[in-house]
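Student: Sequence and predicted structure below; questions after.
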Amino acid sequence: MIKKALAIGISILLIISTVSCSKKDDKVDKYATKMDTIMHLTAYGPNADKAIDAAFNRVDEIENMASSSISTSDVSKINEAAGKEYVKVHPEILKIIKTSVEYSKISNGAFDITVSPLIQLWGIGTDDERVPDDSEIKEKLALVGYDNISINDNDSSVKLMKPDMAIDLGGVAKGFTADEIIKVFKQYGVESAIINLGGSSIYTLGEKPDKTQWSIAIQHPRKEQNDGNIGIVKLNQSALSTSGDYQRFFMKDGKRYHHILDPFNGYPADAGVMSDTIIVDSSIDDCNMLADILTKVTFVSGVDKGFKIIDSLDGISCMAVTTDFKIYKSSKWDTNIEDLSSDFTMAN
């Protein structure tokens, strides 16, 4: 078995130019390892340093509520009580779960936070990663189903209806976190910033101080970090999220087993997509959380089914890269892809 576990941060490479020395343009860059990934926050202005510190504190608060690996988190308590009782949760966790269930319905189950038993079974990205037997997968599949999440709005509580069910918010929590960081930045008067939560979730706040757009390079799904990109997109005031089969995976007998699992069959999704990028306009509520969710929807559903869902939503567009190195754009994708790699061809 050849193991290949790349940091989540490599799906998108951020390109940030140097800035002038005026107080308004003061640039602060800080990195931190949180939520099992390397986060990079860049902000401009006199309060940028304090804003970033406050933002990282907010990340810690969210992780302590949302992480399934922290025994005292809301998520761990929900999982522990599966099939037994309702668990009262923080408003943030209730919001994440309700939004997840909403988009599970919209995507006809392509996105499902109850895949946690399958995630644990495969162990992709851990020292225990392996290809399970079909019988093991079938057993865990019986525990998957967002319709078995019961939510009581009256007292902000959640119950998993089957014993041994479990949820995992890894496919949505970083997007929610990016939305919360933006709120913190605005509280500190930051008008120009970029949030890079491991590359899988990026948000651009305002313009760069020189009034130009932010340049974001989309990682080549079959090359190492910094060795090549699909191309470059330029954004202002947008949320961007990318999912791919190269972010966390292992190889066995020449086959790639990646971390994005198909809730319908329990195996790594195999709908012909190597990578997909969602852009959500900042005018949409919870834009980063939605971008985070919808990348998984397209990846699991494939281009045809995925784009039908994307096209039905306002302010949202998608670019998908298929295993034959073709690039497909949803009907509302109007972002130019600059410096397109010769490895890829535009399909539409």
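Tutor: That came through fine. Residues are numbered from 1 along each chain as shown.
Student: Show the residue spans covered by the strands in the stretch 101-250 of the chain.
Tutor: 149-152, 157-160, 192-197, 201-205, 214-219, 229-235, 238-244, 249-252 (DSSP state E, counting those that start in this stretch).
Student: what about the helices in the chain?
Tutor: Using DSSP state H, the helices of the chain run over 48-66, 74-80, 91-106, 116-122, 134-141, 173-187, 287-301, 303-311.
Student: Need the ones you listed in JSON lines (columns: mean pLDDT).
Tutor: Formatted as JSON lines, the helices of the chain follow (pLDDT from 0 to 100):
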{"stretch": "helix 48-66", "mean pLDDT": "98"}
{"stretch": "helix 74-80", "mean pLDDT": "99"}
{"stretch": "helix 91-106", "mean pLDDT": "99"}
{"stretch": "helix 116-122", "mean pLDDT": "99"}
{"stretch": "helix 134-141", "mean pLDDT": "99"}
{"stretch": "helix 173-187", "mean pLDDT": "97"}
{"stretch": "helix 287-301", "mean pLDDT": "98"}
{"stretch": "helix 303-311", "mean pLDDT": "98"}
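Student: Please name whichever of those helices is nearest to residue 333.
Tutor: helix 303-311 (8.9 Å; Cβ to Cβ). In short, each C-beta sits where N, CA and C put it, glycine included.
Student: Give me the residues contacting the closest one.
Tutor: Contacting residues not belonging to helix 303-311 are listed as 106-107, 110, 271-273, 276, 278, 294, 297-301, 316-318, 320, 322, 328, 330-332 [Cβ atoms under 8 Å, 6 or more residues apart in numbering].
Student: Tell me which of the helices of the chain sits most buried.
Tutor: Sort those by mean neighbour count, taking mean count of other Cβ atoms under 10 Å, and helix 287-301 sits at the top with a mean of 27.
Student: what's the angle from that one to helix 173-187?
Tutor: If you take axes from the mean of the first three to the mean of the last three Cα atoms, to 10 degrees, helix 287-301 sits at 160 degrees to helix 173-187.
Student: about what we covered before: of the helices of the chain, give the one that comes closest to residue 217.
Tutor: Closest approach to residue 217 among those (Cβ to Cβ): helix 287-301, 16.8 Å.
Student: Can I get that closest one in CSV, CA atoms only?
Tutor: Taking Å, rounded to 0.1, in the frame of the first residue of the first chain, the C-alpha atoms of helix 287-301 are listed here in CSV:
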residue,chain,number,x,y,z
CYS,A,287,-21.9,31.8,1.9
ASN,A,288,-18.9,29.9,3.1
MET,A,289,-20.8,27.2,4.7
LEU,A,290,-22.9,26.7,1.6
ALA,A,291,-19.7,26.6,-0.6
ASP,A,292,-18.2,24.0,1.7
ILE,A,293,-21.3,21.8,1.5
LEU,A,294,-21.9,22.1,-2.2
THR,A,295,-18.4,21.0,-3.3
LYS,A,296,-19.2,17.6,-1.8
VAL,A,297,-22.6,17.6,-3.6
THR,A,298,-21.1,18.0,-7.0
PHE,A,299,-18.2,15.7,-6.3
VAL,A,300,-20.5,12.9,-5.2
SER,A,301,-23.3,13.5,-7.7
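Student: Tabulate the helices of the chain in CSV, adding columns for distance to residue 203.
Tutor: Listed next are the helices of the chain as CSV, based on distance: least, Cβ to Cβ, whole Å:
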stretch, distance to residue 203
helix 48-66, 11
helix 74-80, 23
helix 91-106, 17
helix 116-122, 26
helix 134-141, 34
helix 173-187, 5
helix 287-301, 5
helix 303-311, 19
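Student: quick one, which of these is nearest to residue 200?
Tutor: Proximity to residue 200, assessed across the helices of the chain by Cβ to Cβ, is greatest for helix 173-187 (6.2 Å).
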